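S.K.: following is a predicted model, sequence given first.
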Amino acid sequence: MSDIGNKFVIGKIGFELFGFDINDVTSVVEMKKITRVPGTPDYMEGVINLRGNVVPVMNLRKKLGFQSEKIDPLWKLIVIRTNKQDELGIIVDEIKKVVDILDINRRKIAKTGEFDKYIYGIGKYNDKLISIININNLLIN
């Protein structure tokens, strides 16, 4: 079973590509100064001031279990709107582009690891596989 796709912002972590539904994305911004908040999980880097709003920032690299690296000032923030209508910044290494993914396959995911619960499905664009992020699971787990 596959879903008819739509537009996705493609972010890259290491050599992996991840798709974020454009309907969830409010903006893509340059890396900003992050203020650490004590007592938060390791993958929550802290908060930023974005257009006068305090926005929490999640390090997707850490959340997905990739090897942690020092934050590079060239990395980007994908700002998404959550179900509660709050914004959340998600750190990625780079932004590739906005693309149409016409076919998202949900059956081929093994669902065997921690990583898999954050992936909605696998899409294909120009012979590259793109893991489509499940924003809701990313936020509640």
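M.R.: Thanks, I have it.

S.K.: identify the residues contacting the closest residue to N23 other than its chain neighbours.
M.R.: Take N23 and drop its neighbours on the chain: the residue closest to it by Cβ to Cβ, 6 or more residues apart in numbering is N6, 7.6 Å away. Heads up, the C-betas are built off the backbone N, CA and C, glycines and all. For N6, the contacting residues are D21, I22, N23, D100, I101, by Cβ atoms under 8 Å, 6 or more residues apart in numbering.

S.K.: and the most centrally placed residue in the chain, what are its phi and psi?
M.R.: Closest residue to the average C-alpha location of the chain: I90 at 5.4 Å, with Cα atoms, centre = their mean. Here is the backbone geometry of I90 (degrees, to the nearest 10): phi -120, psi 120.

S.K.: give me the element T40 is part of.
M.R.: T40 belongs to no helix or strand when elements are defined using DSSP states H and E.

S.K.: these two touch, right, it and G46?
M.R.: Yes. Here T40 lies in contact with G46, judged by Cβ atoms under 8 Å, at a distance of 7.4 Å.

S.K.: the two: which has the busier surroundings?
M.R.: Applying other Cβ atoms under 10 Å to T40 and G46 shows that G46 carries more neighbours, namely 16 against 13.

S.K.: hang on, that one in a helix?
M.R.: No. G46 sits outside any helix when classified using DSSP: H, G, I helix; E, B strand; the rest coil, being strand.

S.K.: show me what it is bridged to.
M.R.: For G46, the beta-bridge partners under DSSP bridges are V57.

S.K.: now do the contacts for it.
M.R.: The contact partners of G46, by Cβ under 8 Å, 6+ apart, come to I34, T35, R36, V37, T40, P56, V57.

S.K.: so where's this protein shaky on pLDDT?
M.R.: Low-confidence segments of the chain (pLDDT under 70): 1-5, 107-116, 141.

S.K.: change it to 50
M.R.: Within the chain, the ranges that satisfy pLDDT under 50 run 1-2, 4.

S.K.: tell me where it has helices.
M.R.: According to DSSP state H, the chain carries its helices in the segments 60-63, 135-140.
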